[in-house]
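Peer 1: Kindly return the folded structure for what I paste below:
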Amino acid sequence: MSGGSGTELSPPSQSGPGGGPPSTSRVSLPSIAPPPPQPSFFAHHQERVLHLIEHLGEVSLLIVRMFRALLRRPLEWKATLHQMESLGVRSMGIVTVTSIFIGMVMTIQFAFGLRRFGGLEYIPRVIVLSFARELAPTLTAVIVGGRIGSGMAAEVGAMNVTEQVDAIRALGADPAKKLVLPRTVAAVIVMPLLSIFAFSLGTLGAILICYSQFDISPSFFMQSSLESVQMGDFLSGLFKTPIFGFIIAIVGCHFGLRTRGGTEGVGLSTTRTVVVVSISILIADFFLTKIFIGIMGS
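Peer 2: Alright, predicted model coming up:
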């Protein structure tokens, strides 16, 4: 090495095996795949329609299996009573709060509109008729159905992801009889009772507002409402509630039995249950209303 000249360091050459030329290592970069093509508008909705048909088919099969299990012994009385306590008694709190305040709000709204025409004395008739035909059965089914249906989906879904449903099948029992039937029978029995309870409390809330703000006495309220509301109005709303209870239980158990993917799947099933139960009740309410009006002629 000379004093005035600089040195150039070069990387040491590594000879290949057998003293051959140096080997070079190549690093291969992963290829970036192009994004998958998005389905067209018609293909997307066609897939959703096929999923809907699949769900309807599975629900129909579940209903058939449940009715077959209804005639087989032993009867699940203890499980049914337990579900009645879980679905009915524990739902009275939310029914109490919602019914009273809905009755109060509806009274204020109708009074605001009828006052312009000097028709405050018609408030009792409108309120009681609205509660008897629609508000008590339908609104109670939507509010309570979200709680009941999501609870069923979460409970059955948790049993499904932990393989308890498979254990029931392995023991020779039918999940439709052990899980679906008690919940369905309990919901069908409980919903009419909750509707009557909601009707009574909603009317009580309306009486309190009428007496405290519009000087309508409770005796006049009851007399006026009984003159206009017939038994057919009350029965047309009450007869809807067992069908609502049946829809709530079947939808909740259906999504519970379809649950996959652990706790995330349970949460997804409960969310879908609340949405489907609410929509199904409103659609069924329309057709039931048309049927009862055609039958009763009122």
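
Peer 1: Counting neighbours, what do you get for the nearest residue to residue 239 once chain neighbours are set aside?
Peer 2: Excluding the flanking residues, the one nearest residue 239 by CB to CB, 6 or more residues apart in numbering is residue 292, at 6.8 Å. For the C-beta atoms, the positions are set from N, CA and C on the backbone; glycine is no exception. Residue 292 has 19 neighbours, counted by other CB atoms under 10 Å.

Peer 1: Next one: residue 292 from residue 105, what distance?
Peer 2: 26 Å (CB to CB, to the nearest Å).

Peer 1: List the contacts of the strand or helix carrying residue 84.
Peer 2: In this assignment (DSSP states H and E), residue 84 forms part of helix 77-87. With contact meaning CB atoms under 8 Å, 6 or more residues apart in numbering, helix 77-87 is reached by 148, 151, 178, 181, 182, 183, 185, 186, 187, 189, 190.

Peer 1: Contacts only, for residue 103.
Peer 2: Residue 103 touches 127, 131, 201, 202, 203, 204, 205, 206, 209, counting by CB under 8 Å, 6+ apart.

Peer 1: Nearest residue to residue 125 in space, please, no chain neighbours.
Peer 2: residue 228 (4.0 Å).

Peer 1: Pull the number of nearby residues for the one you found.
Peer 2: Residue 228: 13 neighbours (other CB under 10 Å).

Peer 1: ok, back up a step: identify those among the contacts of helix 77-87 that sit within helices.
Peer 2: 148, 151, 181, 182, 183, 185, 186, 187, 189, 190 (DSSP state H).

Peer 1: And the third one, how close does it get to residue 100?
Peer 2: The spacing between residue 181 and residue 100, counted by CB to CB, is 34 Å.

Peer 1: Which of the two has more residues huddled nearby?
Peer 2: Higher neighbour count among residue 181 and residue 100: residue 181, with 26 against 18, using other CB under 10 Å.

Peer 1: The more buried one and residue 69 touch, don't they?
Peer 2: Yes - taking contacts as CB atoms under 8 Å, residue 181 lies within contact range of residue 69: 5.4 Å.

Peer 1: rewinding a little: arrange the ones in helices among the contacts of helix 77-87 in JSON lines, one row each, with pLDDT as further columns.
Peer 2: Converted to JSON lines, the ones in helices among the contacts of helix 77-87 look like this (pLDDT from 0 to 100):
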{"residue": "148", "pLDDT": "89"}
{"residue": "151", "pLDDT": "88"}
{"residue": "181", "pLDDT": "90"}
{"residue": "182", "pLDDT": "90"}
{"residue": "183", "pLDDT": "91"}
{"residue": "185", "pLDDT": "92"}
{"residue": "186", "pLDDT": "92"}
{"residue": "187", "pLDDT": "93"}
{"residue": "189", "pLDDT": "93"}
{"residue": "190", "pLDDT": "93"}
